[in-house]
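In: need a structure here:
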Amino acid sequence: MEWFNLEDSVNLLSLVGLLSLVVLTVAIAGRYVNQMKVSKDASVELGEHNWDGIGEYKNKVPTGWLVSFLLLLVWAIWYFLVGYPLNSYSQIGEYNEEVKAANAKFAKEHANLDDKKLKEMGQGIFLVQCSQCHGIIGDGINGKAADLTKWGSEMAIYDVILNGSKGLNFPGGEMPGGLGGDEASSKAIAAYVAKELSGIKSTKNEALVSQGKELYAGACAACHGDDGKGMDGTFPDLTTYGSNAFVMDVLVRGKAGDIGVMPKFDTMLNEIQQKAVGEYVISLSRGK
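Out: Numbers count the residues shown, from 1 in each chain. Alright, predicted model coming up:
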């Protein structure tokens, strides 16, 4: 970018407009300062208000000032619509282009990472972006934030059924606690969700799955649907719980928590980085 590149018509007109405004401002201000030194015509009426004995003449709006003001408005509209920054250079536009190019290069270089490489990348991002709240090992720093070492597990599902969840900014709102009834019923529902609906695909309580399916229909299906897919995005999709996709959804939506609101990372992390964080977070609950 060359600020004084006069071959650029937009740049040239911008500089001419700026110079004209400076000249007009100095000329008009100088004229009015000189007029202040000359006694006023006694025939000009004073306004009804005064401050500490200082009155104000009922003069008409100065023609020069009015013309300059209108020219300034015209120039400002032109500058905004045709000149900088919308139709040419802007620092924000340059930054966005650089980010776009960097993301494209990043995506090309990391397009075929295996799970191990993804987890290593995710760990690095987690330590920078997430560990301040969740702790360097993801344990939530004694309850200050969610304990990710237990996240994505059957026990975590059981805990949500009992205590509710502040939600992931879904249209359906927060999930209250106690929907499973007593602890035994909640345990059965958790077994069914973990085994049949979620991405976990296993349970420590196989004998409770059938009972949990019946209880789920009465306590959970109204919001999450019979298939657990969340009623077209109104509520969380339980079929992705315990998988990379669910973590990525949390990163994109943000989440309300006990100590505040987790921000959205949809613009701070690109899709590959989100996937990497998801892979690492899943590994915490699986002990890998």
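In: where are the low-confidence patches of the stretch 1-150 of the chain?
Out: 1-11, 35-44, 83-93 (pLDDT under 70).
In: which parts of it are strands?
Out: Assigned by DSSP state E, counting those that start in this stretch, the stretch 1-150 of the chain shows strands spanning 46-51, 54-57.
In: quick one, which of these gets closest to residue 263.
Out: strand 46-51 (49.8 Å; Cβ to Cβ). From N, CA and C alone the C-beta is placed, and that goes for glycine too.
In: give me the neighbour count for the residue nearest to residue 127 when sequence neighbours are not counted.
Out: Spatial nearest neighbour of residue 127, excluding adjacent residues (Cβ to Cβ, 6 or more residues apart in numbering): residue 136 at 6.3 Å. Applying other Cβ atoms under 10 Å, we find 12 residues neighbouring residue 136.
In: equivalent analysis for residue 144, please.
Out: Count around residue 144 with other Cβ under 10 Å applied: 16.
In: and if you look at residue 264?
Out: 15.
In: not counting its neighbours along the chain, what's nearest it?
Out: residue 254 (4.1 Å).
In: over to residue 28?
Out: residue 64 is the one closest to residue 28 (Cβ to Cβ, 6+ apart), at 5.6 Å.
In: how near is the one you found to residue 202?
Out: Distance of residue 64 to residue 202, given as Cβ to Cβ, to the nearest Å: 83 Å.
In: I figured residue 49 hits residue 57, correct?
Out: No. Using Cβ atoms under 8 Å, residue 49 is not in contact with residue 57; the gap is 11.8 Å.
In: now do the longest helix that the chain contains: distance to the chain's middle.
Out: Counting residues, the longest helix in the chain under DSSP state H turns out to be helix 9-36. Computed by Cα atoms, centre = their mean, to the nearest Å, the separation of helix 9-36 from the middle of its chain amounts to 42 Å.
In: that helix packs against which elements?
Out: Counting by 3 or more Cβ pairs under 8 Å, 6 or more residues apart in numbering; DSSP states H and E, the packing neighbours recorded for helix 9-36 are helix 63-81.
In: in the helix it packs on, which residues are buried?
Out: 68, 75, 79 (16 or more other Cβ atoms under 10 Å).
In: where does pLDDT dip in the stretch 151-288 of the chain?
Out: 167-168, 287-288.
In: change it to 50
Out: With pLDDT under 50 as the threshold, the stretch 151-288 of the chain has no low-confidence stretch at all.
In: now the helices for it?
Out: 154-163, 183-192, 209-219, 221-224, 230-233, 244-253, 271-286 (DSSP state H, counting those that start in this stretch).
In: how about these in TSV, adding mean neighbour count and distance to residue 101?
Out: Formatted as TSV, the helices of the stretch 151-288 of the chain follow (neighbours: other Cβ atoms under 10 Å; distance: least, Cβ to Cβ, whole Å):
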stretch	mean neighbour count	distance to residue 101
helix 154-163	20	40
helix 183-192	22	46
helix 209-219	18	48
helix 221-224	16	41
helix 230-233	14	32
helix 244-253	20	22
helix 271-286	21	15
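In: between those helices, which one is closest to residue 122.
Out: helix 271-286 (3.1 Å).
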